[in-house]
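S.K.: A predicted structure for the sequence below; I have some questions about it.
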Amino acid sequence: TPPLVDFCFATLSLIINRDTDPKQQSLIRTAISDNLANIPYFLKSILLISDDATRSSLISTSLFRRTTFNPRTVSHDIISMLRRRGLHARRVVDYLEVVSSLSPKDYYGRSSSSLRHRRGHVMEEFEESFGNVCRCIEQYEEVIPS
């Protein structure tokens, strides 16, 4: 990937993980992930990066993982990739593995105080967002929930 892409992913991941006022940080995380999810072909572009190390590096960032909670990242592109089989289908399986491994830390950022301040509602908000993404994925008959 171009150095600018790496820089942007790293910088936005730092912002997502920043340890500040939980309410303000929640707004920032949502704004960043919403804007990124609105980029056409965002998910498909990341999944089809040919260099394994680069793709894995970007997928493991807080930015990518937080954006994965946005239902707008789930699109017909995923199903068309799945139908193509081969490399495209394997990349969709990789994406589904990322979705299944998402945790509250991916949703709230990796700072521990963010989770501590939200203790009472952490699982409710996380489960709602996670459930929304899962429902978007499950609407496609090609995907069998497990």
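M.R.: Thanks, I have the structure now.

S.K.: state the distance from R84 to K44.
M.R.: Distance of R84 to K44, computed by C-beta to C-beta, to the nearest Å: 11 Å. Quick note: C-beta positions are derived from backbone N, CA and C, even for glycine.

S.K.: whoops, I mixed them up, A10
M.R.: Distance, A10 to K44, by C-beta to C-beta: 22 Å.

S.K.: comparing the two, which residue is more hemmed in?
M.R.: Ranked by neighbour count (other C-beta atoms under 10 Å), A10 and K44 place K44 first, with 18 against 14.

S.K.: what sits closest to M81 if chain neighbours are left out?
M.R.: Leaving aside its chain neighbours, M81 sits nearest to H88 (4.0 Å; criterion: C-beta to C-beta, 6 or more residues apart in numbering).

S.K.: give me the element the one you found is part of.
M.R.: For H88, the element it lies in under DSSP states H and E is helix 86-100.

S.K.: can you tell me the SS state at L102?
M.R.: L102 falls in the coil class when you classify it by DSSP: H, G, I helix; E, B strand; the rest coil.

S.K.: residues contacting it?
M.R.: Contact analysis of L102 by C-beta atoms under 8 Å, 6 or more residues apart in numbering lists R65, T68, F69, F130.

S.K.: list phi and psi for it.
M.R.: Main-chain torsions, L102, degrees, to the nearest 10: phi -60, psi 150.

S.K.: okay, now the closest residue in space to S62 that isn't next to it in sequence: neighbour count?
M.R.: Sequence neighbours aside, S13 is the residue nearest to S62 in space, at 4.1 Å (criterion: C-beta to C-beta, 6+ apart). For S13, the count of nearby residues is 21 (other C-beta under 10 Å).

S.K.: helices and strands around whichever strand or helix holds S13, which ones?
M.R.: According to DSSP H and E, S13 maps onto helix 3-17. Contacts defined by 3 or more C-beta pairs under 8 Å, 6 or more residues apart in numbering; DSSP states H and E place helix 3-17 against helix 22-37, helix 52-59, helix 62-67.

S.K.: following element in sequence after the longest one, please.
M.R.: Right, helix 22-37. helix 42-47.

S.K.: contact partners of that following helix?
M.R.: By C-beta under 8 Å, 6+ apart, the residues outside helix 42-47 that reach it are 36, 55, 58-59, 64, 67, 73-75, 77-78, 81, 91-92, 94-95.
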